[in-house]
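Visitor: Fold the following for me, if possible:
(one chain, ligands or ions: 1)
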Amino acid sequence: MLSTNPFADLATVIPAFLMQYFVIAMVLLIIVGTGLDMLHKKNVIYFFRNAQKAKKSAKNELTTGKKTAVILKTVVHDIGTTSELGWGKRRLAHVLGMYGTILFWIGSAVLIFKYSDGTVAPSYIPIVWHLGAIMTCLGGYWFWFFLRVDVSAEAHPWYRIITADLFVLALLACATFGIAWSFTQSAGMSIISYIFFTLFIVSNIFLFGGVYWSKFAHMFYKPGAAIQKNLAEADGSRDNLPPPADAPKQFGLGIKREEPKHY
Ligand code: HEM
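Guide: Just a heads-up that it's a prediction; the model follows:
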């Protein structure tokens, strides 16, 4: 099943061009949702104003080479390994889900645009698609059941759902129904496979159509903020924040009372 291209079988029922239009529509939904979100929150205006203000208090002039080095290091380390989440389960779960989703999306685009017209896909591409979906499920369900702040730190039950959960739940629904559809289709269970396929499509519409209301756009904002933060560190402007105090850390005994997890 892992090496079977589910979109090739589907193409006998739904023409390949319709699947391609669907993917294009989803990309447009991301652009519109993120654009509206930026207009509503005015976060990008704030971001650029802040960056310009910080530039005025820069202590070192960064050469193009130095800037490129800072950006590359940020992309590989901070963004590529979600270093913001520190060492531990939270980061591991995020990295699993993030790379899983990237593989799943790239796999979907390649299979739909290149291999749904009867051309047989090399078996590693459907494997990448399935592996991506499985990794998304592993990282996502781990986060949902055990790591979410309201569950792990605030003792809310895992089944309590709020609007902010739209992103993670829609992402998990896409990956889960995608796997279930592919499995039932290759097992010849046609009616059940159509049900899972419908759920797969509906969850994609929720995921991409919900960008304005969900946390989807953090995958664009977070990298931008990480690059700006590291450039501000390198040019000495430090986002107009004071440098760390050159003094011993004294937090009092209270800090030893409990593991810090009320973030
Ligand atoms: C394909 C790309 C990405 C996917 C699929 C993804 C997925 C997710 C998901 C599902 C969550 C949990 C959302 C929630 O709180 O309900 C999350 C949270 C988070 N993401 Fe991402 N993300 C991506 C890219 C990034 C990038 C590039 C960064 C940073 C550079 C980042 C940093 C974070 C942080 C700091 C959190 C909060 C984690 C926590 O509360 O434990 N993400 N992400």
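Visitor: Any buried residues in stretch 98-108, and which?
Guide: 98, 99, 100, 101, 103, 104, 105, 107, 108 (16 or more other CB atoms under 10 Å). For every residue, glycine as well, the C-beta is placed using N, CA and C.
Visitor: My error: substitute stretch 59-77 in the last question.
Guide: Buried-residue list, stretch 59-77, by 16+ other CB under 10 Å: 62, 70, 71, 74.
Visitor: Just confirm yes or no for the host helix or strand of the second one near the ligand.
Guide: In this case it means residue 70. Using DSSP states H and E, residue 70 maps to helix 64-73. No. With CB under 6 Å from any ligand atom as the criterion, the ligand is not reached by helix 64-73; the gap is at least 13.1 Å.
Visitor: where does this structure dip in pLDDT?
Guide: 259-263 (pLDDT under 70).
Visitor: picking up where we left off before, how about the buried residues of stretch 59-77 in JSON lines, adding distance to residue 16?
Guide: Output for these, formatted as JSON lines (distance: CB to CB, whole Å):
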{"residue": "62", "distance to residue 16": "48"}
{"residue": "70", "distance to residue 16": "43"}
{"residue": "71", "distance to residue 16": "38"}
{"residue": "74", "distance to residue 16": "39"}
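Visitor: Quick one: name the residues of the chain near the ligand.
Guide: Proximity of the chain to the ligand, by CB under 6 Å from any ligand atom, involves residues 79, 82, 84-85, 90, 94, 97-98, 101-102, 140, 143, 149, 165, 167-168, 171, 215, 218-219, 222-223, 226.
Visitor: Buried among those residues? Make that a ChimeraX selection.
Guide: Here is the ChimeraX selection string for the buried members of the residues of the chain next to the ligand, based on 16+ other CB under 10 Å:
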select :79,82,90,94,97,98,101,140,143,165,167,168,171,223,226
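Visitor: quick one: which of the residues of the chain next to the ligand sit in helices?
Guide: With DSSP state H as the criterion, helices contain 90, 94, 97-98, 101-102, 140, 149, 167-168, 171, 218-219, 222-223, 226 from among the residues of the chain next to the ligand.
Visitor: Quick check: the two most widely separated of those residues?
Guide: 102 and 149 (24.3 Å; CB to CB).
Visitor: buried ones in the host helix or strand of residue 229?
Guide: Using DSSP H and E, residue 229 sits within helix 218-234. By neighbour count on 16+ other CB under 10 Å, the buried set for helix 218-234 is 221, 223, 226, 227, 228, 229, 230, 231, 232, 234.
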